[in-house]
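Student: Give me a 3D structure for the following:
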Amino acid sequence: MSTSSSEASRLHRRALLLSYFTVGYNVLEGVVSIFAGSLAGSIALVGFGLDSFGESLSGGVMIWRFRKHKGMSEAEKQQVERKATRLVAYTFFILGAYILYESAKKLYLKEIPLPSLLGIIIAIISVILMPILFYWKYQTGKLLNSRSLIADSKETLACFFLSLALLLGLSLNYMFGLWQADPIIGLIVVAFLIREGYETLKGEE
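Tutor: As a prediction, this is how the structure comes out:
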(Lines give C-alpha, C1' and ligand atoms only; values in the text may rest on other atoms or scores of the structure.)
Protein backbone atom coordinates (compact mmCIF):
# COMPACT_ATOMS: atom_id res chain seq x y z
CA MET A 1 0.00 0.00 0.00
CA SER A 2 2.80 2.40 0.90
CA THR A 3 4.63 1.54 -2.35
CA SER A 4 1.49 2.30 -4.34
CA SER A 5 1.03 5.61 -2.50
CA SER A 6 4.69 6.49 -3.06
CA GLU A 7 4.43 5.67 -6.76
CA ALA A 8 1.28 7.79 -7.09
CA SER A 9 3.02 10.74 -5.42
CA ARG A 10 5.98 10.36 -7.76
CA LEU A 11 3.68 10.33 -10.79
CA HIS A 12 1.82 13.40 -9.52
CA ARG A 13 5.13 15.24 -9.14
CA ARG A 14 6.11 14.23 -12.68
CA ALA A 15 2.75 15.42 -14.03
CA LEU A 16 3.18 18.74 -12.22
CA LEU A 17 6.74 19.20 -13.54
CA LEU A 18 5.63 18.39 -17.09
CA SER A 19 2.84 20.94 -16.74
CA TYR A 20 5.20 23.63 -15.45
CA PHE A 21 7.56 22.92 -18.37
CA THR A 22 4.63 23.10 -20.82
CA VAL A 23 3.60 26.52 -19.54
CA GLY A 24 7.14 27.91 -19.41
CA TYR A 25 8.17 26.67 -22.84
CA ASN A 26 4.97 27.71 -24.58
CA VAL A 27 4.97 31.21 -23.11
CA LEU A 28 8.55 31.65 -24.38
CA GLU A 29 7.66 30.11 -27.75
CA GLY A 30 4.60 32.33 -28.00
CA VAL A 31 6.51 35.55 -27.31
CA VAL A 32 9.30 34.71 -29.78
CA SER A 33 6.84 33.54 -32.47
CA ILE A 34 4.71 36.69 -32.24
CA PHE A 35 7.86 38.83 -32.34
CA ALA A 36 9.20 36.97 -35.40
CA GLY A 37 5.77 37.03 -37.04
CA SER A 38 5.45 40.78 -36.53
CA LEU A 39 8.86 41.36 -38.09
CA ALA A 40 8.06 39.18 -41.11
CA GLY A 41 4.42 40.22 -41.39
CA SER A 42 3.55 36.52 -41.03
CA ILE A 43 0.03 35.73 -39.82
CA ALA A 44 1.02 32.07 -39.66
CA LEU A 45 3.77 32.82 -37.16
CA VAL A 46 1.62 35.17 -35.10
CA GLY A 47 -1.14 32.57 -35.08
CA PHE A 48 1.35 29.92 -34.01
CA GLY A 49 2.44 32.16 -31.17
CA LEU A 50 -1.15 32.64 -30.00
CA ASP A 51 -1.64 28.87 -30.20
CA SER A 52 1.37 28.50 -27.91
CA PHE A 53 -0.40 30.67 -25.35
CA GLY A 54 -3.43 28.41 -25.72
CA GLU A 55 -1.21 25.41 -25.02
CA SER A 56 0.15 27.17 -21.94
CA LEU A 57 -3.46 27.66 -20.80
CA SER A 58 -3.97 23.90 -21.00
CA GLY A 59 -0.76 23.38 -19.02
CA GLY A 60 -2.02 25.88 -16.45
CA VAL A 61 -5.20 23.84 -16.05
CA MET A 62 -3.03 20.78 -15.38
CA ILE A 63 -1.01 22.65 -12.75
CA TRP A 64 -4.26 23.63 -11.05
CA ARG A 65 -5.50 20.06 -11.22
CA PHE A 66 -2.36 18.33 -9.85
CA ARG A 67 -1.61 20.89 -7.14
CA LYS A 68 -5.00 20.13 -5.57
CA HIS A 69 -4.70 16.32 -5.31
CA LYS A 70 -3.22 16.13 -1.79
CA GLY A 71 -5.64 15.78 1.11
CA MET A 72 -8.64 15.32 -1.16
CA SER A 73 -11.22 12.56 -0.99
CA GLU A 74 -11.72 10.25 -3.96
CA ALA A 75 -15.02 11.96 -4.80
CA GLU A 76 -13.34 15.39 -4.75
CA LYS A 77 -10.51 14.11 -6.97
CA GLN A 78 -13.02 12.81 -9.50
CA GLN A 79 -14.88 16.12 -9.48
CA VAL A 80 -11.67 18.09 -10.10
CA GLU A 81 -10.67 15.58 -12.77
CA ARG A 82 -13.97 16.04 -14.62
CA LYS A 83 -13.72 19.82 -14.45
CA ALA A 84 -10.10 19.78 -15.69
CA THR A 85 -11.02 17.44 -18.55
CA ARG A 86 -13.82 19.75 -19.70
CA LEU A 87 -11.55 22.79 -19.57
CA VAL A 88 -8.90 21.01 -21.68
CA ALA A 89 -11.60 19.96 -24.17
CA TYR A 90 -12.78 23.57 -24.52
CA THR A 91 -9.24 24.70 -25.35
CA PHE A 92 -9.30 22.30 -28.34
CA PHE A 93 -12.41 24.06 -29.68
CA ILE A 94 -11.00 27.55 -29.01
CA LEU A 95 -7.75 26.78 -30.83
CA GLY A 96 -9.63 25.07 -33.67
CA ALA A 97 -11.92 28.08 -34.17
CA TYR A 98 -9.00 30.50 -34.21
CA ILE A 99 -6.93 28.44 -36.66
CA LEU A 100 -9.98 27.97 -38.93
CA TYR A 101 -10.57 31.73 -38.98
CA GLU A 102 -6.94 32.59 -39.68
CA SER A 103 -6.53 29.89 -42.36
CA ALA A 104 -9.69 30.94 -44.23
CA LYS A 105 -8.78 34.61 -43.94
CA LYS A 106 -5.27 33.99 -45.22
CA LEU A 107 -6.55 32.05 -48.23
CA TYR A 108 -9.29 34.56 -49.06
CA LEU A 109 -7.18 37.71 -48.70
CA LYS A 110 -4.03 36.05 -50.10
CA GLU A 111 -1.96 37.25 -47.17
CA ILE A 112 1.51 36.01 -48.00
CA PRO A 113 4.05 35.85 -45.15
CA LEU A 114 7.61 36.97 -45.85
CA PRO A 115 10.40 34.38 -45.46
CA SER A 116 11.41 34.04 -41.81
CA LEU A 117 14.50 32.07 -40.82
CA LEU A 118 13.72 32.65 -37.12
CA GLY A 119 10.24 31.22 -37.68
CA ILE A 120 11.68 28.11 -39.34
CA ILE A 121 14.06 27.61 -36.39
CA ILE A 122 11.18 27.95 -33.89
CA ALA A 123 9.15 25.39 -35.84
CA ILE A 124 12.07 22.92 -35.99
CA ILE A 125 12.62 23.12 -32.22
CA SER A 126 8.93 22.54 -31.59
CA VAL A 127 8.77 19.62 -34.05
CA ILE A 128 11.59 17.93 -32.12
CA LEU A 129 10.39 18.75 -28.61
CA MET A 130 6.61 18.28 -28.79
CA PRO A 131 6.57 14.50 -29.52
CA ILE A 132 8.84 13.90 -26.51
CA LEU A 133 6.63 16.02 -24.26
CA PHE A 134 3.53 14.26 -25.63
CA TYR A 135 5.00 10.83 -24.85
CA TRP A 136 5.84 11.67 -21.23
CA LYS A 137 2.47 13.31 -20.61
CA TYR A 138 0.55 10.46 -22.22
CA GLN A 139 2.43 7.73 -20.34
CA THR A 140 2.06 9.59 -17.03
CA GLY A 141 -1.64 10.17 -17.69
CA LYS A 142 -2.16 6.46 -18.42
CA LEU A 143 -0.37 5.42 -15.24
CA LEU A 144 -2.40 7.90 -13.18
CA ASN A 145 -5.58 7.03 -15.05
CA SER A 146 -5.99 10.78 -15.59
CA ARG A 147 -8.21 11.61 -18.58
CA SER A 148 -7.39 15.30 -18.26
CA LEU A 149 -3.62 14.72 -18.55
CA ILE A 150 -4.15 12.35 -21.49
CA ALA A 151 -6.30 15.02 -23.15
CA ASP A 152 -3.60 17.60 -22.45
CA SER A 153 -1.01 15.27 -24.02
CA LYS A 154 -3.14 15.15 -27.17
CA GLU A 155 -3.18 18.93 -27.26
CA THR A 156 0.62 18.79 -27.14
CA LEU A 157 0.45 16.37 -30.07
CA ALA A 158 -1.79 18.87 -31.87
CA CYS A 159 0.90 21.49 -31.24
CA PHE A 160 3.38 19.15 -32.95
CA PHE A 161 1.16 18.99 -36.05
CA LEU A 162 0.79 22.76 -36.01
CA SER A 163 4.57 23.09 -35.78
CA LEU A 164 4.93 20.69 -38.70
CA ALA A 165 2.39 22.69 -40.70
CA LEU A 166 4.18 25.92 -39.87
CA LEU A 167 7.56 24.45 -40.84
CA LEU A 168 6.20 23.08 -44.11
CA GLY A 169 4.33 26.27 -44.92
CA LEU A 170 7.27 28.58 -44.16
CA SER A 171 9.71 26.30 -45.98
CA LEU A 172 7.58 26.02 -49.13
CA ASN A 173 7.06 29.77 -49.11
CA TYR A 174 10.76 30.38 -48.51
CA MET A 175 11.95 28.00 -51.26
CA PHE A 176 9.14 27.96 -53.84
CA GLY A 177 6.78 30.82 -52.97
CA LEU A 178 3.94 28.34 -52.28
CA TRP A 179 2.24 30.37 -49.54
CA GLN A 180 -1.04 28.43 -49.85
CA ALA A 181 0.50 25.32 -48.21
CA ASP A 182 0.36 26.75 -44.68
CA PRO A 183 -3.36 27.63 -44.47
CA ILE A 184 -4.38 24.40 -46.24
CA ILE A 185 -2.49 22.28 -43.71
CA GLY A 186 -3.96 24.51 -40.99
CA LEU A 187 -7.46 23.42 -42.06
CA ILE A 188 -6.47 19.77 -41.67
CA VAL A 189 -5.21 20.51 -38.15
CA VAL A 190 -8.56 22.18 -37.35
CA ALA A 191 -10.32 18.88 -38.06
CA PHE A 192 -7.90 17.13 -35.69
CA LEU A 193 -8.53 19.65 -32.91
CA ILE A 194 -12.32 19.48 -33.20
CA ARG A 195 -12.22 15.67 -33.18
CA GLU A 196 -10.01 15.56 -30.10
CA GLY A 197 -12.18 18.11 -28.27
CA TYR A 198 -15.31 16.11 -29.04
CA GLU A 199 -13.73 12.80 -27.99
CA THR A 200 -12.44 14.37 -24.77
CA LEU A 201 -15.90 15.65 -23.83
CA LYS A 202 -17.50 12.34 -24.84
CA GLY A 203 -15.02 10.39 -22.72
CA GLU A 204 -15.61 12.69 -19.74
CA GLU A 205 -19.35 12.13 -19.98
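Student: all helices for the chain, in order.
Tutor: In the chain, the helices defined using DSSP state H lie at 2-40, 43-67, 74-109, 117-144, 147-176, 181-204.
Student: how about these in a markdown table, adding mean pLDDT?
Tutor: Compiled in a markdown table, the helices of the chain are given as follows (pLDDT from 0 to 100):
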| stretch | mean pLDDT |
| --- | --- |
| helix 2-40 | 88 |
| helix 43-67 | 81 |
| helix 74-109 | 83 |
| helix 117-144 | 95 |
| helix 147-176 | 87 |
| helix 181-204 | 80 |
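Student: could those helices be laid out in CSV, adding mean neighbour count?
Tutor: All C-beta spots, glycine's among them, are computed from the backbone N, C-alpha and C. Converted to CSV, the helices of the chain look like this (neighbours: other Cβ atoms under 10 Å):
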stretch, mean neighbour count
helix 2-40, 17
helix 43-67, 23
helix 74-109, 17
helix 117-144, 18
helix 147-176, 22
helix 181-204, 18
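Student: was I right about residue 55 contacting residue 155?
Tutor: Yes - using Cβ atoms under 8 Å, residue 55 is in contact with residue 155, at 6.3 Å.
Student: ok, now which ones touch the spatially closest residue to residue 100 that is not a sequence neighbour?
Tutor: Nearest non-adjacent residue to residue 100, counting by Cβ to Cβ, 6 or more residues apart in numbering: residue 190, 4.6 Å away. Contacts were defined as Cβ atoms under 8 Å, 6 or more residues apart in numbering; by that measure residue 190 touches 96, 99-100, 103.
Student: Tell me the one of those nearest residue 42?
Tutor: Using Cβ to Cβ, residue 103 is the member of these that lies nearest residue 42, at 13.5 Å.
Student: how close does that closest one sit to residue 191?
Tutor: 11 Å (Cβ to Cβ, to the nearest Å).
Student: got the contact list for residue 90?
Tutor: Counting by Cβ under 8 Å, 6+ apart, residue 90 makes contact with residue 197.
Student: separation between it and residue 58?
Tutor: Taking Cβ to Cβ as the measure, residue 90 and residue 58 are separated by 10 Å.
Student: And residue 151, by the same measure?
Tutor: 8 Å.
Student: So for these two, which residues contact both of them?
Tutor: Both residue 151 and residue 58 are contacted by residue 88, under the criterion Cβ under 8 Å, 6+ apart.
Student: What residue, apart from its backbone neighbours, is nearest residue 57 spatially?
Tutor: residue 91 (5.8 Å).
Student: Please apply the same query to residue 87.
Tutor: Distance criterion Cβ to Cβ, 6+ apart; nearest residue to residue 87, sequence neighbours excluded, is residue 61 at 4.8 Å.
Student: who's in contact with the one you found?
Tutor: With Cβ under 8 Å, 6+ apart, residue 61 has these contacts: 84, 87-88, 91, 148, 152.
Student: circling back: could you export the contacts of residue 190 as TSV, including distance to residue 79?
Tutor: Shown next, in TSV, are the contacts of residue 190 (distance: Cβ to Cβ, whole Å):
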residue	distance to residue 79
96	27
99	31
100	32
103	37
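Student: Nearest to residue 130 among these?
Tutor: For the contacts of residue 190, the residue nearest residue 130 by Cβ to Cβ is residue 99; the value is 15.9 Å.
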